[in-house]
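just to be clear, the model below is a prediction. Sequence and coordinates:
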Amino acid sequence: MEIKEYKKLKSNVYELKFKSGEAVKLYDEVILKYNLLITKNISNKEYEEIIKYNKSLDAYYLSLKYLNSKQRCEKEIRDYLKKKDFTYDTIDKTIDKLNKYNYLNRDLYVKSYINDKYNFGISGPLKIKRELLNLGFTNEEIDKYLNKDFNEKIDKIIQKKIKNNNKLNEYNLKINITNYLTNLGYPKEMFTEYLNDIKVDNKVIIKKDIKKLIKKYQKKYQDKELYYFIKRKLYQKGYREEEIGDALNENIL
């Protein structure tokens with residue numbers, strides 16, 4: 001293949017045009033490695049080798065650009081390069097090169113990830129750990145940085161939930177908070193004591209619930225039938241037997 005002309009493009013890229021009309025963009029490292037500013041003819045085998053090497057540089061430089069916007073781990077780089085249709089061999093070599101120059105510091109990534117989640121988010125330790133495990137890190141790598149005190153964070157979350165759910169009775173409020181904290185990745189033993197301290201005066205709330213139930217079902221049920229139907233519904237809402245009895249006697253009988 002005979003090279004017809006060279007053209008310097010932006011940054012470190014050249015465009016080579018061949019007599020056949022074909023053109024290819026190559027990094028200057030490729031130009032220097034294969035002495036292409038002097039060489040006028042290359043074989044098909046050399047051309048394939050040049051393209052393969054240029055592709056590897058392309059993967060490497062794209063990875064550096066990707067890393068420049070945000071700290072990344074190996075899995076994120078691999079997934080990114082897969083989407084760019086690089087071969088597994090090219091991806092492996094790129095990862096090796098990035099590791100060689102310490103661009104993928106696993107220890108630093110885990111430490112920074114946990115600190116960011118702890119300082120700027122509401123996720124609990126189980127969720128943070130699960131996310132890092134999914135990114136390919138080990139229990140040992142994670143646990144040494146996950147020894148944070150989450151008590152203040154839990155307390156703030158619970159106080160906010162209490163404030164925003166003031167229409168719930170004590171039982172449902174605790175269920176609501178438990179589910180929320182569990183989904184955020186907090187083990188139950190971390191917040192059980194906080195739940196035990198929550199006290200709600202159910203008298204006002206149960207009266208409101210009874211009025212709603214009467215209004216909704218009084219045409220369908222009458223007298224004792226309505227009484228026992230509402231009583232069953234209140235049990236389902238988590239009210240205690242004595243609360244239900246007292247409230248129903250005041251509002252129905």
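Done, it's in.

when you work out contacts or count neighbours from here on, use the C-alpha atoms and nothing else.
OK.

got the confidence number for the most centrally placed residue in the chain?
Nearest to the geometric centre of the chain sits E131, at 6.4 Å (C-alpha atoms, centre = their mean). Per-residue pLDDT puts E131 at 97.

repeat for D155
D155 is assigned 95 on the pLDDT scale.

host element of the nearest residue to it once chain neighbours are set aside?
In this structure, D155 finds its nearest non-sequential neighbour in Y194, 7.4 Å apart by C-alpha to C-alpha, 6 or more residues apart in numbering. Element membership of Y194 [criterion: DSSP states H and E] is helix 188-196.

tell me if I'm right that N139 and L133 touch.
Yes: between N139 and L133 there is a contact under C-alpha atoms under 8 Å: 7.4 Å.

show me what the helix or strand containing K160 packs onto, helices and strands only.
According to DSSP H and E, K160 maps onto helix 151-164. Applying 3 or more C-alpha pairs under 8 Å, 6 or more residues apart in numbering; DSSP states H and E, one finds that helix 151-164 contacts helix 170-183, helix 188-196.

next one: that helix to chain centre, how far?
Mean-position distance between helix 151-164 and its chain equals 22 Å (C-alpha atoms, centre = their mean, to the nearest Å).

what of stretch 196-211?
Put simply, stretch 196-211 sits 37 Å off its chain's centre (C-alpha atoms, centre = their mean).

again, but for stretch 120-131
Taking C-alpha atoms, centre = their mean, the mean C-alpha location of stretch 120-131 is offset from the chain mean by 9 Å.

could you work out the end-to-end span of it for me?
End-to-end distance for stretch 120-131: 16 Å, by C-alpha to C-alpha, to the nearest Å.

now stretch 124-142
Using C-alpha to C-alpha, one end of stretch 124-142 lies 14 Å from the other.

what comes into contact with it?
Applying C-alpha atoms under 8 Å, 6 or more residues apart in numbering, the external contacts of stretch 124-142 come out as 73, 75-76, 106-107, 110, 114, 117, 146, 150, 181, 184-187.

same question, stretch 47-57
26-27, 30, 34, 90, 93-94.

show me what the mean pLDDT comes to for it.
Mean pLDDT, computed over stretch 47-57, is 92.

keeping just the C-alphas, turn it into CSV.
What follows is stretch 47-57, C-alpha atoms only, in CSV (Å, rounded to 0.1, in the frame of the first residue of the first chain):
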residue,chain,number,x,y,z
TYR,A,47,-1.2,-2.1,7.7
GLU,A,48,-3.3,-4.5,9.9
GLU,A,49,-0.7,-4.3,12.6
ILE,A,50,-0.7,-0.5,12.4
ILE,A,51,-4.5,-0.3,12.7
LYS,A,52,-4.5,-2.7,15.6
TYR,A,53,-1.9,-0.7,17.5
ASN,A,54,-3.7,2.6,16.8
LYS,A,55,-6.9,1.0,18.1
SER,A,56,-5.2,0.1,21.3
LEU,A,57,-4.1,3.7,21.7
